[in-house]
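Peer 1: Okay, predicted coordinates and the sequence, questions at the end:
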Amino acid sequence: MAIGAEVVIGSGSSQGAQGRQDGSKLSALAANAERDVQKHTWRTRPDPFAKVWDEIEQRLRVDPGLQAKTLFEYLQERGPGRFGEGQLRTLQRRIKHRRALEGPPREFSSRKSTTQASCASRTSRIARRAERTSVRSHERGGGQPY
């Protein structure tokens, strides 16, 4: 037995947290931690783009395809030393989130139309193959074409 190991005395039939049967304190702590986990909803640092966000949104309205990297380079040129290279990813996340909520609607294709087109294409291939086969058969003197 290792030094500092805890001995758990019991029949083993009592169940620990969340149905675990090992009875260890570690599993009980893990179960409590899983239950008590809350989604992280607060900011740990102030938003570096808060003062220029209105301008960023305005530029995105004018040119919806504008890349975050392009905007970031523009902001760096406008205020040298204000934004560090490590903040590019933050801006990319913010723009991605904005586009998800407020961007132009996405175009979705109907799976049905794809299936119909595929079926029509397959039907025409079968018809062409049948036509070639019947012409070859007729050329060899193998009987009447279809």
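Peer 2: Structure's in. What do you need? Numbers count the residues shown, from 1 in each chain.

Peer 1: In the protein, what helix or strand scores lowest on average pLDDT?
Peer 2: Of all helical and strand segments in the chain, the minimum by mean pLDDT, DSSP states H and E falls on helix 111-139, at a mean of 63.

Peer 1: ok, how many other residues are close to residue 83?
Peer 2: Residue 83 is flanked by 19 other residues according to other C-beta atoms under 10 Å. C-beta coordinates here come from the backbone N, C-alpha and C atoms, glycine included.

Peer 1: got it, and residue 70?
Peer 2: 12.

Peer 1: Locate it within the secondary structure: which element?
Peer 2: Assigned by DSSP states H and E, residue 70 belongs to helix 68-78.

Peer 1: Check which helices and strands that helix sits against.
Peer 2: Contacts defined by 3 or more C-beta pairs under 8 Å, 6 or more residues apart in numbering; DSSP states H and E place helix 68-78 against helix 53-62, helix 88-102.

Peer 1: same thing but at 6 Å, please
Peer 2: Judged by 3 or more C-beta pairs under 6 Å, 6 or more residues apart in numbering; DSSP states H and E, the packing partners of helix 68-78 are helix 88-102.

Peer 1: list the buried ones in the helix it packs on?
Peer 2: 88, 90-91, 94-95 (16 or more other C-beta atoms under 10 Å).

Peer 1: which ones are touching residue 76?
Peer 2: By C-beta atoms under 6 Å, 6 or more residues apart in numbering, the contact set of residue 76 is residue 83.

Peer 1: And the pLDDT for it?
Peer 2: Listed pLDDT for residue 76 reads 94.

Peer 1: Please apply the same query to the one 10 residues further on.
Peer 2: The model reports residue 86 with a pLDDT of 92.

Peer 1: how close does it get to residue 92?
Peer 2: Using C-beta to C-beta, to the nearest Å, residue 86 is found at 12 Å from residue 92.

Peer 1: burial measure for the closest residue to residue 47 other than its chain neighbours, as a count.
Peer 2: What sits nearest to residue 47 in space, not counting adjacent residues and going by C-beta to C-beta, 6 or more residues apart in numbering, is residue 53, at 7.7 Å. Residue 53 is flanked by 13 other residues according to other C-beta under 10 Å.
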